[in-house]
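Enquirer: Got a predicted structure here, sequence first:
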Amino acid sequence: MLSSRLLRRRKFKTKLVQNKLKYRCYSSNVVLSQVKIDGIGTLPPFHKIAPTDVAPSVKSGLEELSSNLDLVESTLKTSGPNWDTVISPIESIERKLVQHLWHPIQHLTSVSNTKELSDAYSQVLDSLVAFNLRIEQNKDIYVGLNHLKNGASWDSLNESQKRIVDLKLRSAELSGVGLEGQAKGEFNDIQKKLSQLSQTFQNNVLESTKEYDLVITNKEDLDGFPESILALYSQSYNQSKDTTESTPENGPWRVTLDIPSFGPFLDYCKNRQMREDIYRVYISRASSGEKDNVPIILEILHLRQKMSEILPNDYKNYAEISIASKMAESVEQVKELASYFLEKSYPHAQKDLQELQAYATSKGADYNLRQWDISYWVEQLKKDKFGYTQEDLRPYFQFPLVLEGLFTLAEKLFGITVKQYDNKDIPKWDESCIFFQVFNKGETNPIAGFYLDPYSRPNNKSGGAWMSDVHTLQTEYNKVQQIPIAHIVCNGTPPTGDTPSLMTFNEVTTLFHEFGHALQHMLTREENFSVSGISGVEWDAVELPSQFMENWCYHKPTLQGLTKHVETGEVMPDELFDKIYAAKNFRAGSFILRQLSFGILDMELHSREPGSYDLVQLQTEINEKTSLLPTLPEDRFLCSFQHIFGGGYAAGYYSYLWAEILSADAFEAFIEVGLENDEKVSELGKKFRDTILSKGGGRDPMSVFVDFRGTKPSPDSLLKEKGLL
């Protein structure tokens with residue numbers, strides 16, 4: 001997953017503007033006071049930012065940036081519009097706004113949140129949104145962009161520069177540059193309100209997840225649980241009580257709603273009533289009391305629809321606004337794709353459920369399976385059918401060795417080396433964070449860097465996994481001033497005692513996924529800030545590198561290269577890998593159906609008139625088409641659907657499926673040359689780097705894909721890969 005992207009721009013080139021702005025001093029501004037690191041450039045002062053710093057830092061930062069924007073406007077009037085008076089100075093302002101001022105605060109609310117920090121961030125959101133809108137709706141800049149688009153200098157611009165102009169024109173139009181008077185005021189109020197609502201939505205999910213725990217004192221209730229999970233539950237209890245009372249053998253044990261804790265509980269708990277109880281709590285998070293997200297969802301949907309009515313482009317709904325900046329051509333095309341995949345996957349999902357019910361019945365289950373039963377019986381069936389469980393794999397996946405194997409693959413495919421950078425001056429928000437440098441193979445100067453925040457911290461860290469940018473590539477006079485820096489944030493199983501983090505296979509694939517995002521950000525060759533790395537890449541194409549990297553988890557030499565049993569030191573045996581590979585498409589129909597359920601619901605929410613349907617009724621209606629189990633009355637999944645109400649995937653959740661089609665087709669190219677043919681794989685990896693990973697948003701994504709593959713992708717590539725066609 002990608003964090004919600006704000007803006008990603010570039011540095012000033014204009015000498016007139018640059019000379020006046022270059023030496024602005026931000027040393028008194030805590031947030032803007034970047035930490036200089038040799039060989040890296042600068043990094044935000046994550047370790048210094050306190051809640052009390054937020055308001056004064058944003059206030060003074062926006063004052064400086066506002067003066068800079070005044071200067072740009074006056075320069076446009078006196079010097080006329082050209083690349084150096086329109087694009088370069090605006091990108092410099094936007095870089096400072098987003099990556100130096102806005103993003104560090106937003107990031108901390110996701111990885112090290114407190115009520116004080118959350119409140120401080122909420123208080124400055126309106127001013128940040130307002131300044132961003134001042135840029136997007138600036139008539140002088142918009143006129144300048146159109147002058148570039150239609151003027152004599154257009155043909156002298158390269159492809160990347162032309163695309164930047166087009167992207168900025170589109171962004172301005174979608175941001176209301178054509179609005180005046182009351183309509184403009186109403187639109188801007190909507191933008192501010194949506195930012196606040198999104199932040200509140202996320203806070204409610206985090207707080208409602210934190211406030212529940214289940215303390216177990218009877219070891220019989222945990223019969224059959226792996227030792228690693230018992231150790232995790234014991235450690236969780238001790239941390240919550242600031243004690244050493246609990247032991248993995250004798251408890252007490254504490255179960256929470258964060259995925260590394262909740263997931264295994266559903267997988268292994270034999271007590272059906274306990275499974276049901278915790279499941280019902282999980283699906284009703286943030287749906288009652290002060291943390292009720294239902295009214296927030298309704299207001300978000302209403303405001304998004306209102307946006308579509310205000311914008312002068314005859315948009316019927318918010319879904320059409322969303323698709324306007326996507327690779328997909330229309331809402332109808334997305335819905336047709338969903339219908340096609342629903343037709344192909346539903347029969348397979350039916351067979352999955354029938355097989356699971358028959359298996360459970362044969363093992364003594366005298367009931368029809370419900371939602372809280374699925375994970376438990378799937379784990380049991382997988383064990384009997386393929387001869388292993390997730391926990392059988394965990395001892396092989398020691399986090400440090402998984403990282404080492406991942407970096408070895410990156411070296412083979414893309415010609416890079418990754419090294420941990422143990423510099424005490426690197427600012428961190430938590431001691432478990434690790435910083436890495438990325439080098440071209442055989443070179444000594446780093447070309448990129450990234451933070452890795454690997455472990456779950458349910459008390460102050462949002463769930464899920466995501467990649468976001470810290471800094472994009474910045475050059476001046478053909479010299480690199482700032483290498484690209486990324487965040488990779490996961491919520492994996494933390495270490496327990498002296499034992500390193502032992503990862504589930506799902507956690508391994510998640511790490512590969514997020515590293516794929518980071519590679520596109522870090523290996524960019526685009527020097528224009530607006531299209532460098534992941535910037536400017538259409539949302540439904542941006543998941544291609546991440547989905548692509550997941551495929552390598554099913555390549556035997558790669559996967560075995562990640563493994564060493566924590567007790568015996570044994571590499572994962574061929575027999576166990578063969579079982580994993582055999583299970584690759586286990587319940588693939590059910591998985592696709594689940595993704596379709598999320599995507600279809602998202603698109604329907606944003607393409608229907610708010611108020612014309614009941615929220616719960618619509619969810620039930622979609623579930624009847626995309627789920628084989630009846631919707632539970634208290635199911636409020638939408639209240640924790642952060643992708644579309646707290647992230648950037650509104651009317652865009654289909655992007656995961658869309659990009660998986662691209663990824664399946666791209667990986668097929670490697671299969672065609674032979675995955676064991678190292679020379680050919682390296683050659684193709686270089687081509688992947690030189691196209692998909694390096695071109696960023698500087699070229700439209702379909703053209704980039706064709707540059708790599710030689711042809712457009714086919715939906716059937718994914719269906720064939722999943723065994724559904």
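Expert: Here it is on my side, so go on. Since the structure is predicted, the reported quantities are computational estimates derived from the model, not experimental observations.

Enquirer: Adjacent strands (with direction) for the helix or strand where Asn491 lies?
Expert: For Asn491, the element it lies in under DSSP states H and E is strand 485-492. Paired with strand 485-492 in the same sheet, following DSSP bridges, are strand 448-455 (parallel), strand 466-471 (antiparallel).

Enquirer: Show me where the stretch 151-300 of the chain has its helices.
Expert: 159-174, 181-210, 227-241, 259-268, 272-282, 294-310 (DSSP state H, counting those that start in this stretch).

Enquirer: Report the rounded mean pLDDT for the fourth one.
Expert: When you say that, I think you mean helix 259-268. The average pLDDT within helix 259-268 is 94.

Enquirer: what residues does it touch?
Expert: Here helix 259-268 makes contact (CB atoms under 8 Å, 6 or more residues apart in numbering) with 222, 224-226, 229, 232-233, 236, 255-256, 275, 278-279, 282, 372, 375-376, 379, 389-391, 456, 458, 463, 491-494, 507. To be clear about C-beta, it is placed using only N, CA and C from the backbone, and glycine gets the same treatment.

Enquirer: Buried subset of these as a PyMOL selection?
Expert: The buried residues among the contacts of helix 259-268 can be selected in PyMOL (16 or more other CB atoms under 10 Å) with this line:
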select buried, resi 222+225+226+229+232+233+236+255+256+275+278+279+282+372+375+376+379+389+390+391+456+458+463+491+492+493+494+507
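
Enquirer: for the residue lying closest to Gln305 once chain neighbours are set aside, helix, strand, or coil?
Expert: Of all residues not flanking Gln305 in the chain, Pro610 sits nearest, at 5.0 Å (CB to CB, 6 or more residues apart in numbering). Here Pro610 is recorded as coil under DSSP: H, G, I helix; E, B strand; the rest coil.

Enquirer: Now Pro610. Its backbone dihedrals?
Expert: Dihedral pair for Pro610: phi -60, psi 140, per degrees, to the nearest 10.

Enquirer: and the residue of the chain positioned farthest from its centre, what helix or strand is that in?
Expert: Ranked by distance from the centre of the chain (CA atoms, centre = their mean), the top residue is Thr78, with 42.7 Å. Thr78 belongs to helix 51-79 when assigned by DSSP H and E.

Enquirer: any idea how far the following helix or strand past that helix is from the chain center?
Expert: Going down the chain from helix 51-79, the next helix or strand is helix 83-95, by DSSP H and E. Using CA atoms, centre = their mean, to the nearest Å, the mean C-alpha position of helix 83-95 is found 27 Å from that of the whole chain.

Enquirer: Let me know the angle separating the following helix or strand past helix 83-95 from strand 466-471.
Expert: Next along the chain after helix 83-95, taking DSSP H and E as the criterion, comes helix 103-111. For helix 103-111 against strand 466-471, the angle by axes from the mean of the first three to the mean of the last three CA atoms, to 10 degrees is 160 degrees.

Enquirer: wouldn't Ala338 be in contact with Met603 here?
Expert: Yes - the pair Ala338 / Met603 is scored as a contact, 7.4 Å apart, by CB atoms under 8 Å.

Enquirer: neighbour-wise, which of these two wins?
Expert: Set Ala338 next to Met603 and count neighbours by other CB atoms under 10 Å: Met603 wins out with 25 against 19.

Enquirer: right, and that one touches Tyr654 too?
Expert: Yes - contact criterion CB under 8 Å: Met603 and Tyr654 qualify, at 6.5 Å.

Enquirer: shared neighbours of these two, anything?
Expert: The contact sets of Met603 and Tyr654 overlap at 334, 338 (CB under 8 Å, 6+ apart).

Enquirer: Distance of Glu411 relative to Ile671?
Expert: 21 Å (CB to CB, to the nearest Å).

Enquirer: Out of the two, name the residue with the larger neighbour count.
Expert: Neighbour comparison, Glu411 and Ile671: the larger count goes to Glu411, with 16 against 11 (by other CB under 10 Å).

Enquirer: In space, what's closest to Arg689 - neighbours in sequence excluded?
Expert: Nearest non-adjacent residue to Arg689, counting by CB to CB, 6+ apart: Phe414, 4.6 Å away.

Enquirer: looking at the helices of the stretch 151-300 of the chain, which is buried most?
Expert: Here the criterion is mean neighbour count by mean count of other CB atoms under 10 Å, and of the helices of the stretch 151-300 of the chain the winner is helix 259-268, at a mean of 22.

Enquirer: Could you export it as CSV, CA atoms only?
Expert: Extracted as CSV, the C-alpha positions of helix 259-268 are listed here (Å, rounded to 0.1, in the frame of the first residue of the first chain):
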residue,chain,number,x,y,z
ILE,A,259,-3.2,-8.2,13.0
PRO,A,260,-0.1,-10.0,14.4
SER,A,261,-2.1,-10.9,17.5
PHE,A,262,-5.7,-11.1,16.2
GLY,A,263,-4.8,-13.1,13.0
PRO,A,264,-3.2,-16.1,14.7
PHE,A,265,-5.9,-16.2,17.3
LEU,A,266,-8.5,-16.9,14.6
ASP,A,267,-6.1,-19.4,13.0
TYR,A,268,-5.5,-21.5,16.1
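
Enquirer: Correct me if wrong: Thr42 contacts Ser33.
Expert: No - counting by CB under 8 Å, Thr42 stays clear of Ser33, with 9.5 Å between them.

Enquirer: how near is Cys639 to Cys433?
Expert: Cys639 is 30 Å from Cys433, by CB to CB.

Enquirer: Looking at those two, which is more packed in?
Expert: It is Cys639, of Cys639 and Cys433, that has more neighbours when counted by other CB under 10 Å, with 25 against 19.
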